[in-house]
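Peer 1: Any chance you could fold what I've pasted below:
(one chain, ligands or ions: 1)
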Amino acid sequence: MANYDLLLLPGDGIGPEVMAEVEGVAGWLNAQTQNSFNVDIDLVGGAAIDAQGVPVSDATIEKADKADATILGAVGGPKWDGVDFEVRPEAGLLRLRKDLELFANLRPAICFPALADASSLKREHVEGLDIMIVRELTGGTYFGEPKEITDLPDGQKRAVDTTLYTTSEIERIVRVACDLARKRGKKIHSADKHNVMKTGVLWHEVASRIFKDEYSDLECHHILADNCAMQLVRDPKQFDVLVTDNLFGDMLSDEAAMMTGSLGMLPSASLGAEMNGKRKALYEPVHGTAPDIAGKSLANPIATIASFAMALRYTFNMGEAADMVDQAIANVLDAGLRTGDIMQEGKRQVGTVEMGAAIRAEMDRLAA
Ligand code: NAD
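Peer 2: A predicted model of the protein is given here:
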């Protein structure tokens, strides 16, 4: 019997609605398995601004630091559009990622057969697609200094972003990706621009060394990031795990995501360094707060439930339970249940609560 501390941060908009369904799945696991989740729920984003004046409090950061895993809904919305940049809802999420030093962003792109026709690519290219994109999240172009816009004497402005990586930053993200590849299809691609960027040259060198010295059991490839973007739409199933830097990962993970149908289906994980066999971890759906449908029980809870399934797999080492949640989602889709965002002709449209309940009922059936 294992006891785990699970922190839920529902956030704003549809966040609380989809998070309620994660609570349902955690409750199901408490009742049906040997594991026990102590669930704590706290504020982040606009909800925290309203109640505490900050987008995330020190106390909440401390809870996330101590919890075995944190699941976040989404933050933001028109209500907080006018607040100061420094204390906007998104600053809460950025602070969580920064304070917990979550450097590895895992974005799976999985295409459920039942949804293959919702993809912008032909069914044969995406049916059964299962790619894991591993994006470096705390370095590179988005964080390098100097990062500024200055005035030039001739009246123009000059803007600079600095792309910066150290050996150890590259080593740790490549290792995370290789460890994942070992548990999956044993195939990895590293994408960089070593033909034109110095950071690409270092990335390529370090990845090559790690592939050769530590992961000779894997099929390892290098690919130029621009070619990678092309190959993703030409033949996406050639990829298993794809590791890349912050900037390219931002683009390539969104590109891969669109092959799977809807934003409401996409989970993600952000992981920190391993210490005493554990990693800090934040799991969250890729989508935002969807103010247009908030409060109407129209939101698709699958991305957030699938994010919890990632927590089961990568933090709690409960691979069987994670498989069961993923299978329950696939079966419910096969049975024709759809939330509005993935609705297709001839299928049955359900709301957030009904979709969550159907997934738990399917878990009952799978566990029987
Ligand atoms: P969004 O993801 O909230 O919504 C985009 C579209 O997708 C909307 O039509 C919405 O109804 C739909 N959608 C999103 N998630 C859905 C779900 N689970 N089920 C059904 N439909 C879903 O993006 P946006 O409209 O650009 O942003 C809205 C707010 O969310 C903004 O304040 C933005 O800053 C914030 N945001 C937060 C995060 C985050 O917290 N990680 C990410 C993106 C956007």
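Peer 1: Where does residue 226 sit, in terms of helix or strand?
Peer 2: Per DSSP states H and E, residue 226 falls inside helix 225-234.
Peer 1: Could you give the separation of the following helix or strand past that helix from the chain centroid?
Peer 2: Scanning forward in sequence from helix 225-234 by DSSP H and E, the next helix or strand is strand 241-244. Centroid separation for strand 241-244 versus its chain: 14 Å, with C-alpha atoms, centre = their mean, to the nearest Å.
Peer 1: Parallel or antiparallel, which strands does strand 241-244 pair with?
Peer 2: strand 130-136 (parallel), strand 187-192 (parallel) (DSSP bridges).
Peer 1: Same list (these) but as JSON lines, adding mean pLDDT, mean neighbour count and distance to the ligand.
Peer 2: Using the backbone N, CA and C atoms, a C-beta is placed for each residue, glycine as well. What follows is the strands paired with strand 241-244, written out as JSON lines (pLDDT from 0 to 100; neighbours: other C-beta atoms under 10 Å; distance: least, C-beta to the nearest ligand atom, whole Å):
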{"stretch": "strand 130-136", "mean pLDDT": "96", "mean neighbour count": "24", "distance to the ligand": "14"}
{"stretch": "strand 187-192", "mean pLDDT": "98", "mean neighbour count": "25", "distance to the ligand": "23"}
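Peer 1: Can you point out the buried residues in the helix holding residue 226?
Peer 2: By 16 or more other C-beta atoms under 10 Å, the buried positions in helix 225-234 come out as 225, 228-229, 231-232.
Peer 1: Could you tell me which other helices and strands that helix packs against?
Peer 2: Judged by 3 or more C-beta pairs under 8 Å, 6 or more residues apart in numbering; DSSP states H and E, helix 225-234 is in contact with strand 187-192, strand 241-244, helix 246-257.
Peer 1: Quick one: neighbours of the closest residue to the ligand within the stretch 1-150 of the chain, just the number.
Peer 2: Using C-beta to the nearest ligand atom, the single residue of the stretch 1-150 of the chain nearest to the ligand is residue 76, 2.9 Å away. Counted with other C-beta atoms under 10 Å, the neighbours of residue 76 add up to 22.
Peer 1: Could you pull up the contacting residues of it?
Peer 2: Residue 76 makes contacts with 12-13, 45-46, 88-90, 288-289, as judged by C-beta atoms under 8 Å, 6 or more residues apart in numbering.
Peer 1: what's the answer for residue 40, then?
Peer 2: Neighbour list for residue 40: 5-8, 63, 67 [criterion: C-beta under 8 Å, 6+ apart].
Peer 1: Please list all residues in contact with the closest residue to the residue of the stretch 1-150 of the chain closest to the ligand other than its chain neighbours.
Peer 2: What sits nearest to residue 76 in space, not counting adjacent residues and going by C-beta to C-beta, 6 or more residues apart in numbering, is residue 89, at 4.3 Å. The contact partners of residue 89, taken as C-beta under 8 Å, 6+ apart, are 11-12, 44-46, 48-49, 55, 75-77, 80, 83.
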